[in-house]
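1. Could you look at this predicted model? Sequence included:
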Amino acid sequence: MGSTNTSLHIKGTSKSPAIDFKPGMLSIEGRSIPENAVSFYEPVLAWIEQYLKSPETLTKVNFKIEYLNSSSNRFIYNILKALDEAYQKGTNIVVNWYYEEDDDTMRNTGNDFQAMVSLPYRLIPVEEI
C-alpha cells in the first residue's frame, strides 16, 4: 500500500500532540511532553519517510505547538530535516509554524528551526492555540 492513500491520526492528550496526517496536509497540534518521545514519534517519522517516497504535488505542514520538551524538540527537528531533504530533491513543501502571539518561547523555537532548514517556512502568530 503506497503512502498516497494512507493517513495517520493520533488523538492528542494533555502530554502528546494530536497528529493528523493525510497526503498533502500534515498537522501536529498541542502540547508535546510525552513520557516516551521515542515511542510516540517513531511511527510519526516512519509515516513521513514512507509518504515522502511518493508525496503529493504540494505538501503543507502545520505546527501548532503549545509547548515542547527537549526530547520532543529533537523529533520535531528530525521531522523538519526529513522534509527539508525531500524539498532539496524537488518535493514542494511549505511549513507553517503557528505560535501564540505573546509566546516568545515558541516563537523563538520556531525561529531556531527555521534557521536549520531551507524549505519555505512561515512563522504565523495567532491569538490562541
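-> Everything's here; your move.
2. Just the buried residues of the longest strand along the chain, please?
-> Longest strand of the chain, by residue count under DSSP state E: strand 59-68. Buried residues in strand 59-68, defined by neighbour count with 16 or more other CB atoms under 10 Å: 59, 61, 62, 63, 64, 65, 66, 68. (Glycine included, C-beta is placed from N, CA and C.)
3. Not counting residues beside it along the chain, what's closest to the first one?
-> Closest residue in space to residue 59, ignoring its immediate chain neighbours: residue 93 at 4.8 Å, by CB to CB, 6 or more residues apart in numbering.
4. for that neighbour, phi and psi?
-> Backbone geometry at residue 93, expressed as degrees, to the nearest 10, gives phi -130, psi 140.
5. Please report how far it lies from residue 35.
-> The spacing between residue 93 and residue 35, counted by CB to CB, to the nearest Å, is 30 Å.
6. Comparing the two, which shows the higher neighbour count?
-> Between residue 93 and residue 35, counted using other CB atoms under 10 Å, the more crowded position is residue 93 (22 against 10).
7. these two touch, right, that one and residue 85?
-> No - if you go by CB atoms under 8 Å, residue 93 and residue 85 don't touch, sitting 10.2 Å apart.
8. What does the pLDDT read for residue 119?
-> Note on residue 119: pLDDT of 96.
9. I meant to write residue 4 there.
-> pLDDT recorded at residue 4 is 47.
10. related to what we said a few turns ago, ok, now which ones touch the residue nearest to residue 59?
-> Shown in contact with residue 93 (CB atoms under 8 Å, 6 or more residues apart in numbering): 55, 58, 59, 60, 61, 83, 86, 87, 119, 120.
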